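just to be clear, the model below is a prediction. Sequence and coordinates:
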Amino acid sequence: MAVPARVWLLVAVLFLSNPWLACQPPPIPEIPVPTTLSQLDPQLKAHIEAQLQTVRAKPRDSARHATLGLIYAANDLWFWARPAFSNVVVLAPDEPLARLYVGVAAQEVGDLENALATYRGVTEQFPQFGSGWFRLGELASKQGLLEEAERAFARLVVLAPQEWRGPAGLGDVAFRNGKFTNTLEHLERALGLEPQAGSVHYVYAQVLQALGRTNEASWHRSMAHGVAGTPMPDDWSRQAVSHMKALSDQFEIAEDMAASGNPMGGVELLREALRFHPDDAAVLNQLAIACNRAGHPEQALAVLGPLLSKQPDSLAGWITRSFSEAQAERFSDALASANRALALSTNVAQPYLARANALLGMERDQDAVFTFLEAARIDPRTAQILLELVDVLWRNLSRGPEALVYARKALELNPSLPEVHARLIPLETQFGDPTAAQRSREWLNRLTSGSRPQRAPVPVSKP
Amino acid sequence: MNRQTAPAQGWYCLVVVVVAMVACVAGCGKTPSRTPASEAGQPAAAAEVAPPLKSSAPWFQDFAGTTGLTFHHSSGHDTRFWMPEIETGGVGLLDVDGDGLLDVFCVNGGNLNKRPAISGHRLYRNLGGFRFEDITDRAGVAGVGGYGMGVACADYDNDGDTDILVTQVEGCLLYRNEGRGRFLDVTLAAGLERTGWGTSAAFVDLDQDGYLDLFVVNYLNWSQAIEVNCRSSGGRPDYCSPLNYRGAAVDSVWRNRGDGTFERMTERVFLNRAYGHGLGVATADFDRDGRVDVYVANDATPNQLWLNQGNWVFRDEALMRGAALNLHGVPRAGMGVVAVDLRQHGWFDIYLTHLVNEGNGVFLNAQGNFIDTVLPDGPQRGSIPMTGFGVGFHDFDCDGSLDLYVANGRVRLGSRDLDPMDPYAEPNSLLRGLGEGKFEVVNPSGGTTNLLVATSRAAAFGDLDNDGAIDVVVINKDGPVHLLRNVIGRRAQSVQFRVLSREGRDALNAVVRLETQSGAPQWRQVAPNEGYCASHDPRIHFGIGSATRIERVCVRWPSAGPAEVFGPFEAGAVYEIRQGRGRTSPMLFEW
């Protein structure tokens, strides 16, 4: 039955004339709270509770909901991140990242159908939003929907011509369609934008291998060593790191801080973590490592003291203590601590490395060589151990030819490590094959193009 | 008349309402309007389970509890998260007493906290009619306190009965079958020392001398002293990633001397140049050079493809041939692995089960080179939300196309538990093969009326009641075994073959091509030792739909010797094929 026109008119008039009715605020969205909240890591729990309080104080503030979603996402609580991001979609319908992250959360919990639908929706609603096309292309590709992936990556190339993931995605699709010439074109473009993109090198290597260009394939395969997938960054993903409260993440962040010249930042970060985990052996140990990195071995020893008195069988504790003592130039103590660690376990490399480090400090270089060899036997995959050995043999013991043997082994393990080539160039020149030296020089040039220059190795006299 | 004026009034009213709404938006800022659930991503009830395509009758009936197969796996988990606890659980199907019925050997974990005197493995004799009797004690296979992982079964001493190799954290255990279901622990006498933390293992005749050699996949150089405390998903204590230990292991390979002993060949063949966190192994002649190769699935490290060059020379060509890493050069968490000819054309592809969000992997074999392939209707369907372990391609419904069963179970806590009692539990997956490498998800999920949700590890496949349909036994961590009786395959025709070598043992890695008048040729391999920590029915099974007659069966033997043709055969039976008793022909195989 049709509604009489007068009724519609009445409704409209009432609606307009009643300011309270017309300006009724939106309903407060339901704030997702993990059912496992009480079981979570105490620091994470406190972080979530603080944000929940912030959201509840102003429940229609989309930015606060977004932060809550990011906290959940950064700590692998995607099931709860999803409704949090959905709330942002409701409160800020023009925010493309909100819609995008609803899709990401759906993908992370395995609801791929909805994730794909959401990405499609994002690209329709926000056709100029590059990240949306990237996510659509990536998931479509993962699902084997190559035509859709190709369209998405092509659009990404137009929208973000400096983003290497666009041509890389097109290269993937072309490769999977067996169009090798097209693949190479796309991948070369991607490598032009990001010469260190390992995943691109890997696909490139596969194409070259298929085309019978095995030497070039080998080079690109080496450049793909240790590839890890990284999605296209965006404003929200850049914020996520500040919300990571899992201890393992915080340990990595502290390490990254030290590597980027802010070791004290790492110390502060872990001191804060310690506040929530006062008895956690891993936190104490990592804090001590951070203190070492910051050049404060005495602080490290102060941290380790209570740990080792409570847990005298803490392998990690004795190893770190050995390094701290060596850094404080207490080499005999360092050797004793390393030996304590070795008494606890001989099937990991680290106690041997600690022992070798102490021996180097005591200028017992030959003993250090034996100990490095033990470490390399136990952990034969890590080229860096061999490089330590190379440095001692070459610089300290003047045993260049022997050093060359281990440098070549390190090359076999990881040819994409610039440090390997930095050592091989002089060693091959002096003791080996000058052609190999030239090859290493070329590798080093290619490896360091677009990255920071490689420092020359220094003699190992002290740890 | 009314019909002409009403719309005009309606338009006016609509405009007023729209104006009113716009005014409201302008006056009140952002007005929420609920986005539909599918767009806004409201948690769906089955968000973590891929939707099945269409409904059908159950494929399997689970009734372990009523059959006497009472095994309940124990990881021994208490408060500390010891790494082996999350990987343990193996199962083998073998006929221990030669009565023609497959018996079931279940590998228990044990207890890393208390170190009991026995491990708790159990052997169940098949009495027929899906009834089982626990004969562990008189068989002498309960284990001697080691922490159990998996099992491989084969007649390594060519004496006509099937022996058992158990992999453990502390090294392997070899039980020689003394006949009539009695076993003797001959580990030391056979020379199987220093085998490491073994997971999957395979008996395989690598040197074509008629004796089965042994390949043992190792996971980690691990001891309780190096265990670390890890947390996951919101900081809850949890099992670690193998990468936390920096202790990737070398696998080991052993030459069968033919006198009941094995010679360690690991170093001699330079197997120790490659490291990884090995969990699965599959054997096949991947490059069709007439020699059986070995593929190892590694967890979070590159996989290996050991190409057999003959005379105990092996080369790992996984990286070069594209079978080590995913399409983007990233190692995945390889758990179970099988060699399967997905396109039924004589080249063995590789199917791997992986970690949640990675999706299971298919390396399609392109004449010896491999391409990591994802197709929308391929055998990875629905795998991304799951962590897969045991795996098997079999024609469960006997329609002539291979189907796929995957045993799933997490290794890390998720953000939401599917079973409040077991945070690692997931449902298993069943896909129906549509031919040409295409698959669809079976409904009901996992093929059973009631969804079975558990932390599943090994899955073993075989015809337990000799009814011509492949049944499944699944080991679940800290749970009861699932015995899945196939109730769909009995409706169609099938045929099975026991393929024997000249020596009279199962001719492992023999390749069989079956031809009927109506259907396309089907390819199988005798491969009882593959998947994850499992050993399967050594007989090969073909579903043939409505066909009643097999024109011929061509066999390419793993040892030197000409290919042979057998047949014709009538459907609906198990036949024995023995090397040397068929007709030879130089053109039986294209390669």
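That came through fine.

contacts, neighbours, all on C-alpha from now
OK.

what about residue 268, how many neighbours?
This is for chain A. 15 (other C-alpha atoms under 10 Å in any protein chain shown).

hmm, I had chain B in mind actually
12.

looking at this, B:Leu188 is in a helix?
No. According to DSSP: H, G, I helix; E, B strand; the rest coil, B:Leu188 belongs to no helix; its state is coil.

and it, how far from B:Leu174?
According to C-alpha to C-alpha, to the nearest Å, B:Leu188 and B:Leu174 sit 8 Å apart.

so between the two, which is more surrounded?
For B:Leu188 and B:Leu174, the more surrounded residue by other C-alpha under 10 Å is B:Leu174, and the numbers stand at 24 against 12.

tell me the pLDDT of A:Asp279.
A:Asp279 is assigned a pLDDT of 89 by the prediction.

identify the residues contacting it.
A:Leu307 (C-alpha atoms under 8 Å, 6 or more residues apart in numbering or on different chains).

just say helix, strand or coil for it.
Going by three-state DSSP: A:Asp279 is coil.

so what's the residue count around A:His220?
Here the number of neighbours of A:His220 (other C-alpha under 10 Å) works out to 22.

for B:Thr373, see how far away it is.
On the measure of C-alpha to C-alpha, A:His220 and B:Thr373 end up 21 Å apart.

A:Val303 now?
Distance, A:Val303 to B:Thr373, by C-alpha to C-alpha: 51 Å.

out of these two, which sits in the busier spot?
Between A:Val303 and B:Thr373, A:Val303 has the larger neighbour count (other C-alpha under 10 Å), namely 21 against 16.

which is the succeeding secondary structure element to the helix or strand hosting A:Ala98?
Assigned by DSSP states H and E, A:Ala98 falls within helix A:96-108. Following helix A:96-108 in sequence order, the next helix or strand is helix A:112-125 (DSSP H and E).

pick out the residue in the stretch 151-300 of chain B sitting closest to chain A.
Residue nearest to chain A within the stretch 151-300 of chain B: B:Gly235 (4.4 Å; C-alpha to the nearest C-alpha).

what residues are up against that residue?
Contacts of B:Gly235 (C-alpha under 8 Å, 6+ apart): A:40-41, A:44, A:245-247.

try 6 Å this time
A:40-41, A:246 (C-alpha atoms under 6 Å, 6 or more residues apart in numbering or on different chains).

what do you get for A:Tyr352?
A:371, A:375.

roughly how far is the helix or strand harbouring it from the heart of the chain?
Counting by DSSP H and E, the element that carries A:Tyr352 is helix A:350-361. How far helix A:350-361 lies from its chain's middle: 28 Å, per C-alpha atoms, centre = their mean, to the nearest Å.

convert the C-alpha atoms of it to CSV, please.
Taking C-alpha atoms only, helix A:350-361 is exported to CSV below (Å, rounded to 0.1, in the frame of the first residue of the first chain):
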residue,chain,number,x,y,z
GLN,A,350,76.5,-18.8,21.1
PRO,A,351,78.5,-20.1,24.2
TYR,A,352,81.3,-20.8,21.8
LEU,A,353,81.1,-17.3,20.3
ALA,A,354,81.2,-15.9,23.8
ARG,A,355,84.2,-18.0,24.7
ALA,A,356,86.0,-17.0,21.4
ASN,A,357,85.2,-13.4,22.2
ALA,A,358,86.8,-13.6,25.6
LEU,A,359,89.8,-15.4,24.2
LEU,A,360,90.3,-12.7,21.7
GLY,A,361,90.3,-10.2,24.5
